[in-house]
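In: Take a look and give me a structure for this.
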Amino acid sequence: MDSLLRLEAVQASYGQSRILFDISLTIGTGEMVGLLGRNGMGKTTTVRAITGQLATTGGDIVFKGRSVRNLPSHLLGRMGMGLVPEGRRIFPNLTVRENLVAAAANRSGRSEPWTLDRVLALFPRLSERLGNWGSQLSGGEQQMLAVGRALMINPDLLILDEATEGLAPIVRDVIWNALRQLKSEGLAILVIDRNLRQMMDVGDRHHIIEKGRTVWSGSSAAFSSEPTLKGRFLSV
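Out: Coordinates of the predicted model:
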C-alpha cells in the first residue's frame with residue numbers, strides 16, 4: 001500500500017522542553033490508523049507537528065511524497081490535509097451553514113466532492129441547525145460540524161484529535177458510524193480516541209506513543225493478540 005503520510009523520527013519541543021523524541025508512523029492511502037497512548041505522552045503534540053502548528057526540530061514529515069516538515073497549516077490544508085482539532089474550534093459567531101462553507105474547496109477536482117448536501121446527509125442533525133450559531137450547538141453537534149467542516153475541503157487525509165471525547169454514547173456512535181462510512185469510501189484517517197473497542201473494530205493499524213516515542217506499531221489483530229499492551233501503555 002502506498003504511504004500517504006510518513007513520519008520519520010520526528011522531534012519537537014515547547015520552548016526548552018523536548019516533547020517528541022522519536023515519532024515514526026505511516027498511514028497508507030485509504031487506511032484508518034489509530035494514535036494511542038496515555039494522556040501527556042505526545043499524541044496531540046504529534047498532531048500539531050503533522051499539521052504545521054508546531055515547528056519540528058528533527059526528523060521528517062512526508063505527505064503525498066513531499067517533505068512538508070514545518071510548512072504552515074494553510075498550505076497543508078490546500079494539499080489535502082483536513083483536521084478536526086481537540087476542542088473542535090468551530091466559529092461560534094457563524095451559523096452552521098457559514099461554518100461549513102467558509103473554507104469549502106475542491107482543489108483536486110474530484111468528480112464527487114464533499115458538498116453541503118453530502119455533509120448534511122452524513123450528519124442529518126446539522127440540517128436542522130443550519131441557521132443556528134456555532135455557540136448554540138451541543139457538544140455533539142459541534143463535533144459533527146467540525147468533522148463536516150474538515151470534509152468540505154475535500155481532504156485526502158482526515159485527522160481527528162479526541163474524536164469522541166466527552167460525548168454522549170449515542171453521539172459517539174454517530175461519529176464512529178460516519179468514520180466507518182468515510183473509510184469505506186477510501187478516505188485515509190488518523191484518529192486519536194480512547195474508545196479502544198471502536199478503534200480496533202474500525203481501524204486497520206495503530207501506533208502507540210510513550211513519552212514522545214513510538215513504542216509499538218501493528219494491526220488491530222496484532223494489538224488484540226498482545227493483551228499486555230493495554231496495561232503497559234494505555235491504562236492509567
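In: Can you classify the residue nearest to residue 36 when sequence neighbours are not counted by secondary structure?
Out: Once flanking residues are discounted, residue 36 sits nearest to residue 208: 4.7 Å by CB to CB, 6 or more residues apart in numbering. All C-beta atoms are positioned from the backbone trio N, CA, C, and that covers glycine. With DSSP: H, G, I helix; E, B strand; the rest coil as the basis, residue 208 sits in strand.
In: surely residue 208 meets residue 222?
Out: No: judged on CB atoms under 8 Å, residue 208 makes no contact with residue 222 at a distance of 11.3 Å.
In: next helix or strand past the longest helix along the chain?
Out: Taking DSSP state H as the criterion, the chain has its longest helix at helix 169-184. Once the chain leaves helix 169-184, the next helix or strand it forms, by DSSP states H and E, is strand 188-191.
In: next one: that following strand to chain centre, how far?
Out: What separates the centre of strand 188-191 from the centre of its chain is 5 Å, taken as CA atoms, centre = their mean, to the nearest Å.
In: What is the helix or strand just after it packed up against?
Out: Next in sequence after strand 188-191, counting helices and strands by DSSP H and E, comes helix 196-202. Judged by 3 or more CB pairs under 8 Å, 6 or more residues apart in numbering; DSSP states H and E, helix 196-202 is in contact with strand 32-36, helix 169-184, helix 220-224.
In: Report the distance from helix 196-202 to the chain centre.
Out: Distance, centroid of helix 196-202 to centroid of chain: 15 Å (CA atoms, centre = their mean).
In: if we can go back for a sec, and the residue nearest to residue 36, what does it touch?
Out: Contacts for residue 208 were tallied using CB atoms under 8 Å, 6 or more residues apart in numbering; they are 36, 37, 214, 215, 216, 217, 229, 233, 234.
In: Now with 10 Å, please.
Out: Residues in contact with residue 208 (CB atoms under 10 Å, 6 or more residues apart in numbering) are 34-38, 41, 43, 214-218, 223, 229-230, 232-234.
In: Buried ones only from those residues, please, as a PyMOL command.
Out: Listed next is the PyMOL selection for buried residues among the contacts of residue 208, using 16 or more other CB atoms under 10 Å:
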select buried, resi 34+35+36+37+38+41+43+214+215+216+223+229+233+234
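In: now, which of the contacts of residue 208 lie within helices?
Out: Per DSSP H, those map to helices at 43, 223, 229.
In: Now distance to residue 198 too, for the residues you listed, in a markdown table please.
Out: Conversion of the ones in helices among the contacts of residue 208 to a markdown table gives the following (distance: CB to CB, whole Å):
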| residue | distance to residue 198 |
| --- | --- |
| 43 | 17 |
| 223 | 13 |
| 229 | 17 |
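In: what residue ranges in this protein are flagged as low confidence?
Out: 1, 236 (pLDDT under 70).
In: now the strands for it?
Out: Assigned by DSSP state E, the chain shows strands spanning 3-14, 17-28, 32-36, 56-63, 66-67, 81-84, 157-160, 188-191, 205-210, 213-219.
In: need the ones you listed in JSON lines with distance to residue 143, can you?
Out: Formatted as JSON lines, the strands of the chain follow (distance: least, CB to CB, whole Å):
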{"stretch": "strand 3-14", "distance to residue 143": "23"}
{"stretch": "strand 17-28", "distance to residue 143": "22"}
{"stretch": "strand 32-36", "distance to residue 143": "17"}
{"stretch": "strand 56-63", "distance to residue 143": "25"}
{"stretch": "strand 66-67", "distance to residue 143": "30"}
{"stretch": "strand 81-84", "distance to residue 143": "8"}
{"stretch": "strand 157-160", "distance to residue 143": "9"}
{"stretch": "strand 188-191", "distance to residue 143": "13"}
{"stretch": "strand 205-210", "distance to residue 143": "22"}
{"stretch": "strand 213-219", "distance to residue 143": "27"}
